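Student: Attaching a predicted model along with its sequence, questions to come.
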Amino acid sequence: MNVAAGLLLAWSSALASVPSGISDGYRRITADFPRPVLVNADFNTGTTGWELPVGYSHDPRGGRSGTGALKMVRTDSTVYTLAVQRIKLIPQVRYRFGIWVRTEGVAGEDSGGTICLEFSDEKGWMGGHYPNGLKGTTDWTWVEGSVAVPERAVGCTLTLYLRQGMTGTVWFDDAKIEPEAGVWTAHQIYPSHESVDAESGRIVLASLDGGMFLPPPQKVDEADLVCRIRARAVGSSWTWAGPIPDRSS
């Protein structure tokens, strides 16, 4: 098709009408996975479930409702310690995680008290996702992130900490982690400036998926479609809807 006017990309979980057979192949995972087990996420049973180094302690009335919280105090900026809980997650599934954070007198160049989710394989550390934290003196604030577990990951850790090179006091309460739907994004790489060449009518898209997309057991309903791509031209239009044709495309 010769696209002369422009391109519209629309991502949708449902379509009004889909040609027969076009939805066969893949479905988007939403609530198909159980929530991970996070032990003592509210710190109401002391420090059970958490690996705590020097500087961390249980504050029995430091939480958001006057209940338990994890308290971290650092007076020496050269000290760097982490509070860790090892959890079991499913590779290639995207998870949203977060915690309530309160700070007092946190100083330094980095972003402050925060949470992160890290991964490892047989060779060791693979990286993770590191949301910005809080510094200065702040009231309770929700800090969260979202990341897909790498395919080769065999270990996952949820970490509460104060960024390196910083000092101050941080409280943590009511941690949470749960699976969420996969996310697929596409970016136009040819032609540049999000335009369409009127002579060739051709574009090139780079795509990236985060989270798991799996073949359906039997049939895919319209509500399970991953996306919709619609191209419009003067006097005509064309729509493609369905699975991701190729993960590397």
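Tutor: Received the coordinates, thanks. Every value quoted in this text rests on a predicted model; they were computed, and no experiment measured them.
Student: Low-confidence regions, the chain specifically.
Tutor: Across the chain, the ranges flagged by pLDDT under 70 are 1-32, 182-249.
Student: can you list the domain ranges for this structure.
Tutor: 6-29+182-242, 56-180 (automatic domain parsing).
Student: Contact partners for the nearest residue to residue 169 once chain neighbours are set aside?
Tutor: Once flanking residues are discounted, residue 169 sits nearest to residue 104: 4.4 Å by Cβ to Cβ, 6 or more residues apart in numbering. Yep, even glycine has a C-beta here, placed from its N, CA and C like the rest. Neighbouring residues of residue 104 by Cβ atoms under 8 Å, 6 or more residues apart in numbering: 137, 168-170.
Student: nearest to residue 128, of these?
Tutor: Distance ranking of the contacts of residue 104 against residue 128, using Cβ to Cβ, places residue 170 first at 19.0 Å.
Student: For the closest one, which residues are in contact?
Tutor: 71-72, 101-104, 106, 112-113, 134, 162.
Student: Type out the PyMOL command that picks the buried ones from those.
Tutor: To isolate the buried members of the contacts of residue 170 in PyMOL, using 16 or more other Cβ atoms under 10 Å:
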select buried, resi 71+72+101+102+103+106+112+113+134+162
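Student: so of the contacts of residue 170, which ones are in strands?
Tutor: Among the contacts of residue 170, the ones falling in strands (DSSP state E) are 71-72, 101-104, 106, 113, 162.
Student: for those, which one is nearest residue 177?
Tutor: residue 101 (15.3 Å).
Student: My read is that that closest one contacts residue 114, right?
Tutor: Yes - applying Cβ atoms under 8 Å, one finds residue 101 in contact with residue 114, separated by 6.8 Å.
Student: overlap in contacts of those two?
Tutor: Common neighbours of residue 101 and residue 114 (Cβ under 8 Å, 6+ apart) are 133-134, 143.
Student: Just the ones in strands from the contacts of residue 104, please.
Tutor: 137, 168-170.
Student: re the thing from before, between the shared contacts of residue 101 and residue 114, which is closest to residue 156?
Tutor: residue 143 (18.3 Å).
Student: Distance of the closest one relative to residue 126?
Tutor: Using Cβ to Cβ, to the nearest Å, residue 143 is found at 22 Å from residue 126.
Student: Those two - which one has more neighbours?
Tutor: The residue with more neighbours, out of residue 143 and residue 126, is residue 143; 21 against 16, by other Cβ atoms under 10 Å.
Student: Just the C-alpha atoms of the helix or strand encompassing that one, please, in CSV.
Tutor: Using DSSP states H and E, residue 143 sits within strand 136-148. Extracted C-alpha coordinates of strand 136-148, given in CSV (Å, rounded to 0.1, in the frame of the first residue of the first chain):
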residue,chain,number,x,y,z
GLY,A,136,16.0,15.6,52.5
THR,A,137,13.1,15.3,55.0
THR,A,138,9.9,13.9,53.5
ASP,A,139,6.6,12.4,54.6
TRP,A,140,5.5,8.9,53.4
THR,A,141,5.8,8.7,49.6
TRP,A,142,5.2,5.7,47.4
VAL,A,143,8.3,4.7,45.3
GLU,A,144,7.8,2.1,42.6
GLY,A,145,9.2,0.6,39.4
SER,A,146,8.3,-1.9,36.7
VAL,A,147,10.6,-4.4,35.0
ALA,A,148,10.5,-7.7,33.1
